[in-house]
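In: task: produce atomic coordinates for the following.
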Amino acid sequence: MKTSNAVTASAPVNGQQGNDWDSRWQKKMSDIAQALQASPVDVAALRRMAISEGGLLTDEIRCQVWPRLLNVPQHILDQDPETVERDNNKDYNQVLLDVQRSLRRFPPGMPDEQREGLQEELIDIILRVLKNNPQLHYYQGYHDIVVTFLLVVGERLATALVEKLSTHHLRDFMDPTMDNTKHILNYLMPIIERVNPEVHDFMQQAEVGTVFALSWLITWFGHVLSDFRHVVRLYDFFLACHPLMPIYFAAVIVLYREDEVLECECDMAMVHHLLSQIPQDLPYETLISRAGDLFVQFPPSELAREAASHDCMATTTFKDFDLASTQQRPDSVLLRRRKQKQAALERSVAGSTVTQPSVARRFVRLAVMGLTVALGAAALAVVNSALEWAPKLDLFP
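Out: Just a heads-up that it's a prediction; the model follows:
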């Protein structure tokens, strides 16, 4: 039984209001309902809805759609959570400490009794998943992901969804060492270099590394964002996409802050401090769209050699996940949108009088960001099915 209705995001997190959004909100609600009622369920359409502006809109919709995005069978969703034995559990003490420190992750004003009950459920979910999957190892920050699912879908569904997520998208983070987590972080700089070599070179000169993005990655930004609406909007997006999408979103945040970064003193401590303090007023819809563009433009297979010489487990397990979820790929959504934006961008650049190379590069970057806002939702809306694009993207090295 769901114990909390922590958030109902009935409008985009960037605050668009008015009759135009009301109309699109109603249309999207109708499209989601139609996809859920289809036989079989139109998971490709649900992925488009999760990626496009506003995400999945409400917690009630997420309760229905998130299981579809993770391909969790109904019989597993219907199972009641098993009793968890806490005594002599090797992870219990650390989990308890982390959960006790998670007060800010609960809605302000929630009665203490309700919050304490949810914290007990949070502990049980984590211990239950770890007990059923002894190959998984708890890490600090895991509870930030689990609490998001608990607040949105309740204990029963959260248990099933977190278990599936932990054995696929989060699998690298749950190794006994941080080697695979570091490997995923290694994708960050190659993405930044391809988009903005100046920012990349500045960060390299400052020797800032990528540790500033660690908490972003391993909590899916749940630990660093104060507004729960922003967190669940990102979860909609990440659940609909490849497991490495969070690192693309991290790169987009750095790129968005280009001016701040380049104006900072080129010192490791100074740059690390700047980047680790994530702004709370980011243009989330713009950045989500841009992250999708970069994923299609620079897929993991293209970056793998620079990131490391071996595959990370997230992409390896995603192959198995993909085989069981052939209609759940977001790639055609992102590809179609990028093609439309690229055509519009080429027309804009062709009609401009910019001649200096540095100015031209700046113009292109700004134009891409502008087109993301202008065309993102519209381009998504005209994509009829993820299966219409027959060839599959070569996502893996």
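
In: pLDDT at the most centrally placed residue in the chain, what is it?
Out: Centroid-nearest residue in the chain, with CA atoms, centre = their mean: F238, separated by 3.0 Å. For F238, the model assigns a pLDDT of 97.

In: ok now whichever strand or helix holds it, how far from the chain's centre?
Out: Using DSSP states H and E, F238 sits within helix 228-239. A distance of 6 Å separates the centroid of the chain from that of helix 228-239, by CA atoms, centre = their mean, to the nearest Å.

In: one step back: the residue nearest to the centre of the chain: what's it in contact with?
Out: 169, 220, 245-246, 249 (CB atoms under 8 Å, 6 or more residues apart in numbering). Glycine gets a C-beta too; all of them are placed from N, C-alpha and C.

In: sorry, back to before: could you give the angle of the helix or strand that the helix holding F238 is followed by to helix 228-239?
Out: Going down the chain from helix 228-239, the next helix or strand is helix 245-256, by DSSP H and E. Between helix 245-256 and helix 228-239, the angle comes out at 120 degrees (axes from the mean of the first three to the mean of the last three CA atoms, to 10 degrees).

In: just checking, what packs against whatever helix or strand comes next after helix 245-256?
Out: Next helix or strand after helix 245-256 toward the C-terminus (DSSP H and E): helix 258-263. Judged by 3 or more CB pairs under 8 Å, 6 or more residues apart in numbering; DSSP states H and E, the packing partners of helix 258-263 are helix 197-206, helix 268-276.

In: so for L150, which of those sits nearest?
Out: Closest approach to L150 among the helices and strands packed on helix 258-263 (CB to CB): helix 268-276, 26.5 Å.

In: list the buried residues for that closest one?
Out: By neighbour count on 16 or more other CB atoms under 10 Å, the buried set for helix 268-276 is 271-272, 274-275.

In: quick one, domains of this protein?
Out: Annotated domains of the chain cover 92-167, 179-381 [automatic domain parsing].

In: L130 against R86, yeah?
Out: No. The pair L130 / R86 is not scored as a contact, 11.7 Å apart, by CB atoms under 8 Å.

In: so between those two, which is more surrounded?
Out: L130 (23 against 14; other CB atoms under 10 Å).

In: check what pLDDT that one gets.
Out: For L130, pLDDT reads 96.

In: ok, now the one 5 residues further on?
Out: Looking at Q135, its pLDDT is 95.

In: tally of neighbours for it?
Out: 10.

In: do you know how far it is from T167?
Out: Distance from Q135 to T167, counting by CB to CB, to the nearest Å: 8 Å.

In: so how far is S276 from the nearest residue to L170 once chain neighbours are set aside?
Out: Closest residue to L170 apart from its sequence neighbours, by CB to CB, 6 or more residues apart in numbering: I145 at 7.0 Å. According to CB to CB, I145 stands 19 Å off from S276.

In: ok, A38 next?
Out: According to CB to CB, A38 stands 44 Å off from S276.

In: please apply the same query to E306.
Out: Taken as CB to CB, the span from E306 to S276 is 23 Å.

In: next, count neighbours for the residue nearest to L170.
Out: I145: 24 neighbours (other CB under 10 Å).

In: show the contacting residues for it.
Out: I145 neighbours (CB under 8 Å, 6+ apart): 162, 165, 170, 219-220, 222.

In: in JSON lines, list those along with secondary structure, neighbour count and pLDDT.
Out: JSON lines is the format used below for these (DSSP: H, G, I helix; E, B strand; the rest coil; neighbours: other CB atoms under 10 Å; pLDDT from 0 to 100):
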{"residue": "V162", "secondary structure": "helix", "neighbour count": "23", "pLDDT": "97"}
{"residue": "L165", "secondary structure": "helix", "neighbour count": "24", "pLDDT": "96"}
{"residue": "L170", "secondary structure": "coil", "neighbour count": "19", "pLDDT": "95"}
{"residue": "T219", "secondary structure": "coil", "neighbour count": "24", "pLDDT": "96"}
{"residue": "W220", "secondary structure": "coil", "neighbour count": "25", "pLDDT": "97"}
{"residue": "G222", "secondary structure": "coil", "neighbour count": "25", "pLDDT": "94"}
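
In: V254 against I192, yeah?
Out: Yes. With contact taken as CB under 8 Å, V254 and I192 are classed as touching, separated by 5.9 Å.

In: these two: which is more packed in?
Out: Comparing V254 with I192 by other CB under 10 Å, the one with more neighbours is I192, at 26 against 23.

In: can you tell me the closest non-neighbouring residue to N132?
Out: E163 (6.5 Å).

In: what strand or helix carries the one you found?
Out: helix 142-166.

In: for the chain, give me the ranges with low pLDDT.
Out: Along the chain, the model assigns pLDDT under 70 to residues 1-18, 308-397.

In: how near is L188 to P73?
Out: 35 Å.

In: who's in contact with I191?
Out: 247-248, 251, 294, 298, 303.

In: tell me which element it falls in.
Out: Assigned by DSSP H and E, I191 falls in helix 188-195.

In: specify the angle between that helix and helix 245-256 in degrees.
Out: 50 degrees.

In: that'll do, ta.
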